[in-house]
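Student: have a look at this prediction, sequence included:
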Amino acid sequence: MNRENQHRDELMSDIIIQVSSLYKTFSATIPALVDFSAQVSRGEVLVVIGPSGSGKSTFLRCLNGLEEIDSGTIIIDGIPLDENEKNRLEIRREVGMVFQSFNLFPHKNVAENINLAQRLVRKKSRDQAMQTTMDLLRKVGMVEKAESYPAELSGGQQQRVAIARALALRPKVMLFDEATSALDPEMIGEVLEVMSTLAREGMTMVVVTHEMGFAREVSDRIIFMEDGRIIEQGETESFFLAPKEERTKRFLDQIL
Amino acid sequence: MVKKATLIDIAKFSLLVIAAGWLLVRGSSQAGYNWQWYQVPRYLFTIEDGVFIPGPLLDGLWITLQITGCSLVLATIIGLLTALLRLSNSLVGRIMARVYLEIIRNTPLLVQIFIIYFVLAPIFNLERFLAAVIALSLFEGAYASEIFRAGIVSIHRGQWEAAHSIGLSVFDTWRTIILPQAVTRILPPLTSQAVSLIKDSALVSTIAVYDLTMQGRVVIAETFLTFEIWFTVAAIYLVLTLSLSQVASLLEKRARCRVW
């Protein structure tokens, strides 16, 4: 193997999400993603910010195939996200997602919500699944609510359970789609704390958020986007201290 | 205070019932009708040497229960499949489902029963019981499918996305996430559909299936107890449908407690 190849292999193994020239439109006039390319390295925490309607969530939802792309390529951990239904399922099992509106299954209790994928996808026995489930609930501080139904929990508690559910298949990547935007202010902290812990443990994360304090503290890199395009991206510190683009400065002035 | 209001309501209601009863009795005596309620029990059942022997009306009730039971299961399956077809990506599937719905809902059940019994049954060599079950299932299935469809569509998109995001297959998503929630929501309308099924089953007496209604007609033809037997038959249907509604509301309460 020559040097060049070796170098490329190292690069390949380090990059877990590879997105090239994504295009996506919801209607003929409103582009959601325009020539969007990005990479995420293993263990990296990438935060995507931008005004509402800029395509942040769409980008995130494309990564696990919840939105169809018009063109471009998405490769996650070496698996291309394409027409192949098997690849799509495989990617979804490697990628956990946390939604703005929690989306817990209301007819199942907390433990069942987290057990479900383990039992159906990984074919674990109830006992095996329960072990993982209790570990995860301990991690998000929800052990005592294992038997509760989602409707009996506060928003912050539901979101912590949703994080545990997304972690149940031991994903390599976690996507957070405005995970704290639907929460009452006093509950945002508990959810961000769980997210920070995950980041510290080395989880690869792509986070869409409006919580700039959290972004600054936890992320390695920031992407700022508007109208489906990347306006600016960079290391977190330099991005916040010395943004290059005029548009970025204006956005940061507005929200900070 | 509530109690007093309830008492007044009960009093009003009783007065109404008594008035209606009095009108009926007066009217029938003017028409020269000779009430013979004492004759009725023997057509329900008799007891000989301590052995319970069902009479023709109970025999008929048993047939009615069999027909509605079979039709209920079949109509549920047809309804669910049609709903899934209508929601599917397959154009052919959607068209087929639509054509079936429009035909069934826009023709009289009685005509459908006749077509199945007089046209299809001889071709496919079906017994009349089977013909009755098929006709009722196809009819009620069309209405059940609309109920299923409404229930499925009412499930929030986030539930689909959550199920997808944890890598559930399409089949598992339907089975464990969408249908259980949809069924809880549609239990009330599905029950009233089942009540309709029981009532509509009386129409199969027209193809000489010996259900409750047909037995009633036979008994009346033999005994001329027209008023008593029709009242009895109606009362039996009433007991059947009311207890079904009762069971359903119990089920619904239990499901609701768990979910919401």
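Tutor: The structure has been received and is ready for your questions.
Student: ok, residue 84 - how many residues close by?
Tutor: I went with chain A, as the question did not name one. A:Asn84 has 11 neighbours, counted by other C-beta atoms under 10 Å in any protein chain shown. For the C-beta atoms, the positions are set from N, CA and C on the backbone; glycine is no exception.
Student: think we crossed wires, I meant chain B
Tutor: Close neighbours of B:Leu84, defined as other C-beta under 10 Å, add up to 17.
Student: what are the buried residues along the helix or strand containing B:Ile103?
Tutor: Using DSSP states H and E, B:Ile103 maps to helix B:91-105. Neighbour-count burial for helix B:91-105, counted by 16 or more other C-beta atoms under 10 Å in any protein chain shown, picks out B:Gly93, B:Ala97, B:Tyr100, B:Leu101, B:Ile104.
Student: out of those residues, who's nearest chain A?
Tutor: Set against chain A, the nearest of the buried residues of helix B:91-105 by C-beta to the nearest C-beta is B:Gly93 (18.7 Å).
Student: isn't the closest one up against B:Leu85?
Tutor: Yes. When contacts are counted by C-beta atoms under 8 Å, B:Gly93 is listed as touching B:Leu85 (4.2 Å).
Student: below-threshold pLDDT in the stretch 1-150 of chain B: ranges please.
Tutor: Low-confidence segments of the stretch 1-150 of chain B (pLDDT under 70): B:1-2.
Student: hmm, B:Ala162 and A:Leu104 touching each other?
Tutor: Yes. Taking C-beta under 8 Å as the definition, A:Leu104 is a contact partner of B:Ala162 at 7.4 Å.
Student: overlap in contacts, these two.
Tutor: Shared contacts of A:Leu104 and B:Ala162 (C-beta atoms under 8 Å, 6 or more residues apart in numbering or on different chains): A:Ala162, A:Arg165.
Student: A:Ala38 - that's part of a strand, no?
Tutor: Yes. The assignment for A:Ala38 (DSSP: H, G, I helix; E, B strand; the rest coil) places it in a strand.
Student: how about the residues of the stretch 151-260 of chain B near chain A?
Tutor: Within the stretch 151-260 of chain B, the positions adjacent to chain A are B:156, B:158-159, B:161-169, B:172, B:176-177, B:180-181, B:184, B:258-260 by C-beta under 8 Å from any C-beta of the partner chain.
Student: make it 6 Å
Tutor: When proximity is defined as C-beta under 6 Å from any C-beta of the partner chain, the stretch 151-260 of chain B approaches chain A at B:Gly158, B:Glu161, B:Ala162, B:Ser165, B:Ile166, B:Gly167, B:Asp172, B:Ile177, B:Pro180, B:Gln181, B:Val259, B:Trp260.
Student: in this structure A:Asn109 contacts A:Tyr149, no?
Tutor: Yes. With contact defined as C-beta atoms under 6 Å, A:Asn109 and A:Tyr149 form a contacting pair (5.3 Å).
Student: how about the helices in the stretch 151-260 of chain B?
Tutor: In the stretch 151-260 of chain B, the helices defined using DSSP state H, counting those that start in this stretch lie at B:157-165, B:170-172, B:179-200, B:212-223, B:226-259.
Student: measure A:Arg229 to A:Lys244 for me?
Tutor: Separation of A:Arg229 from A:Lys244 (C-beta to C-beta, to the nearest Å): 15 Å.
Student: next: B:Ser145.
Tutor: Distance, B:Ser145 to A:Lys244, by C-beta to C-beta: 59 Å.
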